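Chemist: Please work out how this folds:
(chains A and B)
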Number of protein chains: 2
Amino acid sequence: MHAPGMTTARLSFILVASMAAIPGLAEPQSSSAAEQGRTVPARQIPVPTTVSPQLAKIVSAPPVPPTAPQTAQEWKAAVQSASEREAERIAAALTQFAVTIEPLQIAGVPCFAVNPPKVSARNAHRVLLHLHGGAYVFGPGRAGTLEAILVAGTSGMRVISVDYRMPPDHPFPAAMDDSVAVWKALTHRQNPSNMAVFGTSTGGAMTLALVQAAQKQHLPLPAAIASGTPWSDLTNTGDSYFTNEGIDNALVSYEPVLGAAARLYAGSVDLKDPRVSPVYGSFHGFPPTLLTTGTRDLFLSNTVRVHRKLREAGVDSRLEVYEAQSHAQYLVDPTSPESKEALRDIASFFDAHLGT
Amino acid sequence: MHAPGMTTARLSFILVASMAAIPGLAEPQSSSAAEQGRTVPARQIPVPTTVSPQLAKIVSAPPVPPTAPQTAQEWKAAVQSASEREAERIAAALTQFAVTIEPLQIAGVPCFAVNPPKVSARNAHRVLLHLHGGAYVFGPGRAGTLEAILVAGTSGMRVISVDYRMPPDHPFPAAMDDSVAVWKALTHRQNPSNMAVFGTSTGGAMTLALVQAAQKQHLPLPAAIASGTPWSDLTNTGDSYFTNEGIDNALVSYEPVLGAAARLYAGSVDLKDPRVSPVYGSFHGFPPTLLTTGTRDLFLSNTVRVHRKLREAGVDSRLEVYEAQSHAQYLVDPTSPESKEALRDIASFFDAHLGT
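Modeler: Numbers count the residues shown, from 1 in each chain, chains lettered A, B, ... in the order given. Got it, this is the predicted structure:
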């Protein structure tokens, strides 16, 4: 049925437009090009008006194409410089939250105890285990404690942050061995039903891998976990590695830095081994899980894929996506409303699921 | 601290790379360009390997730039043609699910009763109200019943699908007036705690607007709602309107079709009026809500922004994001695993929240 004055070519466009506009009506078109994927043209993305001014500034900063260190020495220099910058952010967070940090050893592994100034009776027997992010190579020592400070300060719960070993000196399985050893030791001191594990990015993936390792070793599981935008797949598999490339201004792209860090960490282990890419492991029997990501996050798919697997396994998994955020930007400015919302969400999630 | 043999320029790149790799370390860079937004270069997006072959085919089809009808006659022709195509999909769904469809009138509004072949005792007193999608202009008559068939078939619950009036003949508030009238009539027949409301795209937004209207008119609320990728903001506001432009192969872009349909529907009402763009309304006191979207969805932000507002209002809102899906593609092939998962999720959500 043609409307008067319309050409057939014009009408076919309208038909497709109308198909697209009715959910469920768009039909895939056969195309050999589809088999190779498709090209998305360049586009201008405006500063989002749907976030706080603080966050708008963060998400709108132009991404800088990253360059990967080539040698162990170059990695160490990059790590050192990053740590120096992180020290300022940690000092600011300590002022904002007034928590204390003390180094200690648990099961022979260096850790930091991050303690709120006053612990309520409700939180007296609760402990949170923190695994820091940083692509398995950044964030040694105090440089890895920022998120622990933010969560301890927001939740009023004690946090133990693991200063696990990292490449280039200590590739897999050192980081996981250290983290699991600390978890095991904590379960002897404290009721596991009063404990949770959390982390972001690499720390989010390690949180998942820790539960899978604990299951294999028949260790008790935490009562809940919070996995922020987990690096659940060390290979560049997952749709948002491509759709959000260059849109995410924090990670920017898989190559060259993430790919190099993945290979540096995994060493001789296959990048799809579930011990380094937990999305390929089993999620049956997981404790309640909170997952956090953003619409511009290069790891949006890394997060969504884990959530889908958790739901398929019947786990109580909750997915929180933040408007316009690139990777882990809920941690960038802890004074922004979005950061406060994400941190309060983690705190109330643990409060709801942990015993007292 | 410079590594040997590295230039300062090189090091600064590495520093930025390392900052990006540590969550929370990336710092926004001052830039006047940032105020206008930024340009994302063209890129190739491969066929996703993380979805079923059925869905991979759907998400990889090249998008066709849509063209909007210009006159009432052109709109009607486009609607008619779309309905003719939709008839085939509805016939296939009726074969798959063996539900029956009967036209009826409720409060003088034409509706369809979509009934499973056998209703269990548990579902005997339950009714689901369905508001179809289609940009407020597509999907009149039986052409709007696909989702009702899929949900009735999957849940085993009776569904009433509203054949509400639409532009060009009947702009706002006709569609909402009809839907609210049907809801009101149903609450006189059935315990509202045994009822839910659902819909996708335009139907998802109308579901939200219906709850807001019911609150204002002091009508009972449903026990739960499922709002699939709601068109919650009729203006092109929200980050994924830009970040997923051309990546979403179902809706493709806001202009020209969505913008034209928005103006056709809203008529003289401001596009940001909460009655047509419910994201700007209040979400306090909402019933438990299930929101569904996909990582490539042009309405990812429309969905996420509603979820954030629901959570801020203390509502039990659950967000489900599907890997690599463009707008509403969980409805495209009801035999795909992803479609089955989304439909089962809606069914079990209603089963958990509705009284018997």
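Chemist: And the closest residue in space to A:Glu245 that isn't next to it in sequence, what's its pLDDT?
Modeler: When the adjacent residues along the chain are set aside, A:Glu245 lies closest to A:Ser253, with 5.0 Å between them (C-beta to C-beta, 6 or more residues apart in numbering or on different chains). To be clear about C-beta, it is placed using only N, CA and C from the backbone, and glycine gets the same treatment. Per-residue pLDDT puts A:Ser253 at 95.
Chemist: ok, A:Ser253 - how many residues close by?
Modeler: The local packing of A:Ser253 (other C-beta atoms under 10 Å in any protein chain shown) involves 21 other residues.
Chemist: residue contacts, it?
Modeler: A:65-66, A:245-246, A:298 (C-beta atoms under 8 Å, 6 or more residues apart in numbering or on different chains).
Chemist: Now tabulate those residues in CSV and tack on neighbour count, pLDDT and secondary structure.
Modeler: Output for the contacts of A:Ser253, formatted as CSV (neighbours: other C-beta atoms under 10 Å in any protein chain shown; pLDDT from 0 to 100; DSSP: H, G, I helix; E, B strand; the rest coil):
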residue, neighbour count, pLDDT, secondary structure
A:Pro65, 12, 82, coil
A:Pro66, 22, 83, coil
A:Glu245, 22, 95, coil
A:Gly246, 18, 94, coil
A:Leu298, 31, 98, coil
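Chemist: just the residues you listed now: which is nearest B:Ile58?
Modeler: A:Glu245 (21.8 Å; C-beta to C-beta).
Chemist: Pretty sure the closest one sits against B:Gln44.
Modeler: No - between A:Glu245 and B:Gln44 there is no contact under C-beta atoms under 8 Å: 9.7 Å.
Chemist: Return the nearest residue of the stretch 151-300 of chain A with respect to chain B.
Modeler: Going by C-beta to the nearest C-beta, chain B is nearest to A:Asp239 of the stretch 151-300 of chain A, at 4.0 Å.
Chemist: Now the nearest residue to that residue once chain neighbours are set aside: which helix or strand?
Modeler: The shortest distance from A:Asp239 to any non-neighbouring residue, by C-beta to C-beta, 6+ apart, is to B:Ala324 (4.0 Å). If you go by DSSP states H and E, B:Ala324 is not part of any helix or strand.
Chemist: residues in contact with B:Ala324?
Modeler: By C-beta under 8 Å, 6+ apart, B:Ala324 lies in contact with A:239, A:301, B:48, B:50-51, B:55-56, B:59, B:294-296.
Chemist: Filter those residues down to the ones in helices?
Modeler: A:301, B:55-56, B:59 (DSSP state H).
Chemist: Among these, which one lies nearest to B:Ala226?
Modeler: Among these, and counting by C-beta to C-beta, the member closest to B:Ala226 is B:Leu55, at 20.2 Å.
Chemist: could you pull out the strands for the stretch 51-200 of chain A?
Modeler: A:100-106, A:109-115, A:127-131, A:158-162, A:195-200 (DSSP state E, counting those that start in this stretch).
Chemist: The fourth one: partners in the sheet, and parallel or antiparallel?
Modeler: This means strand A:158-162. Sheet pairing of strand A:158-162 (DSSP bridges) gives strand A:109-115 (antiparallel), strand A:127-131 (parallel).
Chemist: Distance to A:Gln73 for these - can I get that in JSON lines?
Modeler: Listed next are the strands paired with strand A:158-162 as JSON lines, based on distance: least, C-beta to C-beta, whole Å:
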{"stretch": "strand A:109-115", "distance to A:Gln73": "23"}
{"stretch": "strand A:127-131", "distance to A:Gln73": "26"}
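Chemist: list the contacts for A:Ser277?
Modeler: Applying C-beta under 8 Å, 6+ apart, the residues near A:Ser277 are A:205, A:232-235, A:271.
Chemist: Just the ones of those residues in helices?
Modeler: Per DSSP H, these map to helices at A:Ala205.
Chemist: which of the contacts of A:Ser277 count as buried?
Modeler: Neighbour-count burial (16 or more other C-beta atoms under 10 Å in any protein chain shown) applied to those gives A:205, A:232-235, A:271.
Chemist: Looks like A:Pro337 contacts A:Ala56 (just checking).
Modeler: No - using C-beta under 8 Å, A:Pro337 is not in contact with A:Ala56; the gap is 11.5 Å.
Chemist: Which one of these two is surrounded by more residues?
Modeler: Between A:Pro337 and A:Ala56, A:Ala56 has the larger neighbour count (other C-beta under 10 Å), namely 18 against 14.
Chemist: correct me, but the more buried one touches A:Glu323?
Modeler: No - taking contacts as C-beta under 8 Å, A:Ala56 lies outside contact range of A:Glu323: 10.5 Å.
Chemist: Give the residues shared as contacts by these two.
Modeler: A:Pro48.
Chemist: between the longest helix seen in chain A and strand A:109-115, how big is the angle?
Modeler: In chain A, taking DSSP H as the definition, the longest helix is helix A:72-97. Orientation check (axes from the mean of the first three to the mean of the last three C-alpha atoms, to 10 degrees): helix A:72-97 against strand A:109-115 gives 20 degrees.
Chemist: Helix A:72-97 packs against which elements?
Modeler: helix A:146-155, helix B:8-21 (3 or more C-beta pairs under 8 Å, 6 or more residues apart in numbering or on different chains; DSSP states H and E).
Chemist: Tell me the buried residues in it?
Modeler: By 16+ other C-beta under 10 Å, the buried positions in helix A:72-97 come out as A:74-79, A:81-83, A:86, A:89-90, A:93-94, A:97.
Chemist: How about stretch A:283-302?
Modeler: Applying 16+ other C-beta under 10 Å to stretch A:283-302 flags A:283, A:286-302 as buried.
Chemist: do stretch A:185-194 as well
Modeler: A:185-187, A:192-194.
Chemist: Of all pairs in those, which one spans the longest distance?
Modeler: A:Ala185 and A:Ser193 (16.8 Å).
Chemist: And for stretch A:237-247, what's in contact with it?
Modeler: For stretch A:237-247, the external contacting residues (C-beta under 8 Å, 6+ apart) are A:37, A:40, A:45, A:63, A:252-254, A:296-302, A:304-305, A:326, B:40-41, B:43-46, B:48-51, B:243-244, B:247, B:295-296, B:323-324.
Chemist: Spell out the residue ranges of the helices in the stretch 201-350 of chain A.
Modeler: A:202-216, A:240-243, A:259-266, A:300-312, A:337-353 (DSSP state H, counting those that start in this stretch).
Chemist: And these: which comes nearest B:Arg318?
Modeler: Closest among the helices of the stretch 201-350 of chain A, using C-beta to C-beta: helix A:300-312, at 10.1 Å.
Chemist: angle of the closest one against helix B:300-312?
Modeler: Interaxial angle, helix A:300-312 versus helix B:300-312 (the same axes, to 10 degrees): 60 degrees.
Chemist: Show me which residues of the stretch 151-300 of chain A are close to chain B?
Modeler: Listed as neighbours of chain B in the stretch 151-300 of chain A under the rule C-beta under 8 Å from any C-beta of the partner chain: A:200-201, A:203, A:228-229, A:237-240, A:242-247, A:249-252, A:257-258, A:261, A:295-296, A:300.
Chemist: Buried ones among the residues you listed?
Modeler: A:200-201, A:203, A:228-229, A:237-240, A:242-247, A:249-252, A:257-258, A:261, A:295-296, A:300.
Chemist: any idea of the pLDDT on A:Ser12?
Modeler: At A:Ser12, the model reports a pLDDT of 34.
Chemist: Could you verify my assumption that A:His284 touches A:Ala313?
Modeler: Yes - using C-beta under 8 Å, A:His284 is in contact with A:Ala313, at 4.6 Å.
Chemist: re the thing from before, how near is the residue nearest to A:Asp239 to A:Arg308?
Modeler: The gap separating B:Ala324 from A:Arg308 is 11 Å, by C-beta to C-beta, to the nearest Å.
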